[in-house]
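K.L.:
what would the 3D arrangement of this be:
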Amino acid sequence: MTQLLRGAPVAKQMQEQSAARVAALVQEGITPTLALVRVGNRPDDLSYERGILKRAHEACVQIQTIMLPQDCITQDVLDAVVSINKDPHIHGALLFRPMPHHIDQRAVCAALDPQKDVDGITQDSLYGTFACEPVGFAPCTAEAVIRMLDFYEVVLEGTQVAVVGRSLVVGRPLAALLLARNATPTICHSKTQHLEQVCAHAQVVVVATGHPQSFSAVGTNAKQVVVDVGIHWDEDAQKLVGDVDFANVKPIVAAISPVPGGVGSLTTAVLIDHVVTAAERSIK
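P.N.:
Numbers count the residues shown, from 1 in each chain. Prediction:
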């Protein structure tokens, strides 16, 4: 019977651990605090923000929200980031992206202090991820995949892992995290020849293509663990689906993460964990 890799129990465990660490920090006179920088009122940003607020409340992490109007200019956002960098009481910052097209998003991300970059958007954080150095943090979604695999005791050392997708948000940093665990990752993408065969020979497949239900049963085997990172509305906008053709892949593989209820439900828990870690680092 196929095992479902649900994110809720992983997030619950992380939440309990974060709450204990926060209590220790409060005794030191430090309250872990996350700043949210949002431009405009995109529905998906607002939904993500609600999830963060709920998770932060559960872990006793404070939130400061900086809301900027849709028609603000790049300098306005840069000023907000600079103020966060200078505030010793703010330990982490999340910049909602994508920002409006008229905002120089690259400049805004580059302005953030990597020590407060809890979602891996700065070059220094990416360097830290690839070099296994404690500089900034890995992107939350990439780390959420590792946390999920660890929780369900999926062996990574010596394991062949196919990572389908090469973005700087998931695919590439995830490959670095896997290498740090002595796994053997292969980064695949839309131009990879014989993609199905590459995936079919892997013990673990992580699908982050950004295309709904694009990973089919052709690339699977009976002992395989499949982690689905994608989340989309189906063609009829009736239900959420992932990058994996779940109905056809689930009966074949050994384990699979569902959508919704899989990696996506774990990402905010990783974010809060990063804020707590940033607060702990600030003592040092």
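K.L.:
all helices in the stretch 151-284 of the chain, in order from the N-terminus.
P.N.:
171-180, 195-200, 246-249, 264-283 (DSSP state H, counting those that start in this stretch).
K.L.:
which of these sits most buried?
P.N.:
Across the helices of the stretch 151-284 of the chain, the average number of neighbours (mean count of other C-beta atoms under 10 Å) peaks for helix 264-283, which reaches a mean of 23. Quick note: C-beta positions are derived from backbone N, CA and C, even for glycine.
K.L.:
what packs against that helix?
P.N.:
Helices and strands touching helix 264-283, as assessed by 3 or more C-beta pairs under 8 Å, 6 or more residues apart in numbering; DSSP states H and E, comprise helix 8-27, strand 33-39, helix 43-59, strand 92-95, helix 140-151.
K.L.:
moving C-terminal of the third one, what's the next helix or strand?
P.N.:
Note on helix 43-59: by DSSP states H and E, the next helix or strand toward the C-terminus is strand 62-68.
K.L.:
now the shortest one
P.N.:
Past strand 92-95, heading to the C-terminal end, the next element that is a helix or strand (DSSP H and E) is helix 105-111.
K.L.:
list the helices and strands that following helix packs on?
P.N.:
Using 3+ C-beta pairs under 8 Å, 6+ apart, helix 105-111 sits against helix 74-86.
K.L.:
can I get the helix it packs on as CSV, trimmed to CA atoms?
P.N.:
This file holds the C-alpha atoms of helix 74-86, laid out as CSV (Å, rounded to 0.1, in the frame of the first residue of the first chain):
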residue,chain,number,x,y,z
THR,A,74,11.5,50.8,-5.9
GLN,A,75,13.0,53.3,-3.5
ASP,A,76,10.0,52.9,-1.1
VAL,A,77,10.7,49.1,-0.9
LEU,A,78,14.4,49.7,-0.5
ASP,A,79,13.8,52.1,2.4
ALA,A,80,11.6,49.4,4.1
VAL,A,81,14.4,46.8,3.7
VAL,A,82,17.1,49.1,5.0
SER,A,83,14.9,49.9,8.0
ILE,A,84,14.6,46.1,8.7
ASN,A,85,18.4,45.7,8.3
LYS,A,86,19.0,48.4,11.0
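K.L.:
any buried residues in it, and which?
P.N.:
Neighbour-count burial for helix 74-86 flags Thr74, Val77, Leu78, Ala80, Val81, Ile84 (criterion: 16 or more other C-beta atoms under 10 Å).
K.L.:
pick the one among those closest to Leu266.
P.N.:
Nearest to Leu266 among the buried residues of helix 74-86, counting by C-beta to C-beta, is Ile84 at 25.2 Å.
K.L.:
report the contact partners of the closest one.
P.N.:
With contacts defined as C-beta atoms under 8 Å, 6 or more residues apart in numbering, Ile84 is in contact with Ala35, Val37, Ile66, Ile90, Ala93, Leu112, Asp113, Lys116.
K.L.:
quick check: it vs Gly120, distance?
P.N.:
Distance, Ile84 to Gly120, using C-beta to C-beta, to the nearest Å: 16 Å.
K.L.:
now Ala254
P.N.:
Look at Ala254 and Gly120: by C-beta to C-beta, they are 30 Å apart.
K.L.:
so those two - more neighbours on which side?
P.N.:
Between Ala254 and Gly120, counted using other C-beta atoms under 10 Å, Gly120 has the larger neighbour count: 23 against 16.
K.L.:
OK, contacts around the more buried one?
P.N.:
Applying C-beta under 8 Å, 6+ apart, one finds that Gly120 lies in contact with Leu126, Thr129, Gly136, Phe137, Ala138, Pro139, Cys140, Ala142, Val169, Pro173.
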